[in-house]
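[1] Build the 3D model from these lines:
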Amino acid sequence: MKHTYYDYSKEELLNNGSKIPVIVMEDNDAVFQSMAREMAEEIKKNNFRGRRTVFICPVGPVGQYPYFVNLVNQDGISLKNVWFINMDEYLDDDKKWVDTDHPLSFRGFMQKNVYGKIKEELLMPEEQRVFPDPQNLEYIPQLIEKLGGVDICFGGIGINGHVAFNEADPSLTKEEFLNQKTRVLEITKETRTANAIGDFNGALEDMPRYCVTVGMHEISNARKIRLGCFRNWHRAVVRRAAYGEASSDFPVSLLTGHPDINLRITEFVAGLEG
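    Residues are numbered from 1 along each chain as shown. Sure thing, here's the model as predicted:
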């Protein structure tokens with residue numbers, strides 16, 4: 001069965017009543033800069049009001065972080081009342097965190113490229129830099145409840161529609177899928193292949209097989225959701241996200257009813273040629 005939305009032009013993508021609002025930006029940098037600005041503005045707004053800021057943050061996309069770090073350092077934005085809850089982390093075959101010096105370690109990436117580059121007097125305490133822990137799966141859902149919820153969840157969309165590592169599972173109803181919380185799972189072959197190509201020079205045999213991820217419960221209950229897409233295969237992914245049926249076989253589609261979500265894509269992804 002051929003799905004007509006895969007052939008939608010940019011104009012059709014934007015004007016046929018998409019189920020998730022789509023914003024087209026010039027290029028990757030424009031998408032990443034917009035995410036970084038929104039991160040900074042949300043923190044400044046909450047700091048002014050004396051409120052904490054809670055983000056769910058990805059390591060993929062990551063292009064927003066250099067811009068964010070520069071904004072924080074240049075504008076003197078205090079992160080002392082900010083919580084970064086990272087979406088996920090790769091696990092080894094014993095289902096423990098990969099070492100921070102592993103080339104795919106999300107914890108290692110955040111320390112080297114984000115926390116390690118922010119002025120010490122502006123940086124949040126270490127306990128406010130949170131990763132899902134396979135040894136303590138209840139911690140993040142409980143922390144989010146204690147903190148009063150997540151202000152913004154930032155992320156991308158995977159090859160099979162996954163957000164974080166919430167892999168497609170057609171055996172679950174939509175409600176069951178959305179109720180899943182932080183957990184350990186096996187990464188699908190499709191995701192391992194796409195990530196090996198994009199992040200690991202194609203070294204599929206050495207790709208981790210397991211991960212720990214925040215659940216769709218944590219993501220879907222964030223007050224805002226911002227997703228960025230910029231890869232060549234995102235052309236199909238965003239069209240299915242915007243126009244496909246809501247299904248646990250394509251997890252991002254389950255977010256279509258969220259009251260404040262948008263999908264930021266490049267002109268390249270919006271088009272079908274080139």
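[2] Distance check, Glu38 against Cys153.
    Distance, Glu38 to Cys153, by C-beta to C-beta, to the nearest Å: 12 Å. Where you see a C-beta, it was placed from the backbone N, CA and C, and this is true even at glycine.
[3] Likewise for Glu89?
    In this view, Glu89 and Cys153 are 17 Å apart by C-beta to C-beta.
[4] Same question for Val59.
    In terms of C-beta to C-beta, Val59 sits 14 Å off from Cys153.
[5] From the rest of the structure, what touches the helix or strand where Glu38 lies?
    Per DSSP states H and E, Glu38 falls inside helix 28-49. Under the criterion C-beta atoms under 8 Å, 6 or more residues apart in numbering, residues 25, 52-53, 55, 61, 63-65, 67-68, 71-72, 75, 77-79, 81-82, 151-152, 154, 226, 228, 230, 264-266 lie in contact with helix 28-49.
[6] same thing but 7 Å
    The contact list for helix 28-49, computed with C-beta atoms under 7 Å, 6 or more residues apart in numbering, reads 25, 52-53, 55, 61, 63-64, 67-68, 71-72, 77-79, 81-82, 151-152, 154, 226, 228, 230, 264, 266.
[7] got it, and stretch 64-81?
    Stretch 64-81 is contacted from outside by 32-33, 35-36, 39-40, 43-44, 47, 52-53, 113-114, 117-119, 122-124, using C-beta under 7 Å, 6+ apart.
[8] What's the PyMOL syntax to select whichever of those are buried?
    Applying 16 or more other C-beta atoms under 10 Å to those, the buried members can be selected in PyMOL as follows:
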select buried, resi 32+33+35+36+39+40+43+44+47+52+53+114+117+118+123+124
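[9] For Glu38 and Cys153, indicate the residue with more neighbours.
    Cys153 (28 against 18; other C-beta atoms under 10 Å).
[10] was I right about that one contacting Ala222?
    Yes - under the contact definition of C-beta atoms under 7 Å, Cys153 touches Ala222, with a separation of 3.8 Å.
[11] Give me the common contacts of these two.
    Ile56.
[12] Measure how far the helix holding Glu38 is from the centre of its chain, please.
    Its chain's C-alpha centre and that of helix 28-49 lie 15 Å apart, by C-alpha atoms, centre = their mean, to the nearest Å.
[13] for that helix, what is the average pLDDT?
    The average of the pLDDT scores along helix 28-49 is 98.
[14] mind listing what the residue nearest to Ile23 when sequence neighbours are not counted touches?
    Take Ile23 and drop its neighbours on the chain: the residue closest to it by C-beta to C-beta, 6 or more residues apart in numbering is Arg264, 4.9 Å away. Residues counted as contacts of Arg264 (C-beta under 7 Å, 6+ apart) are 23, 25, 31, 34, 226-228.
[15] Can you name the residues bridging to Arg264?
    Bridge pairing for Arg264 (DSSP bridges) gives the partners Ile23, Gly228.
[16] Next one: the most centrally placed residue in the chain from Asn73, what distance?
    Nearest residue to the geometric centre of the chain (C-alpha atoms, centre = their mean): Gly155, 1.9 Å. Separation of Gly155 from Asn73 (C-beta to C-beta): 24 Å.
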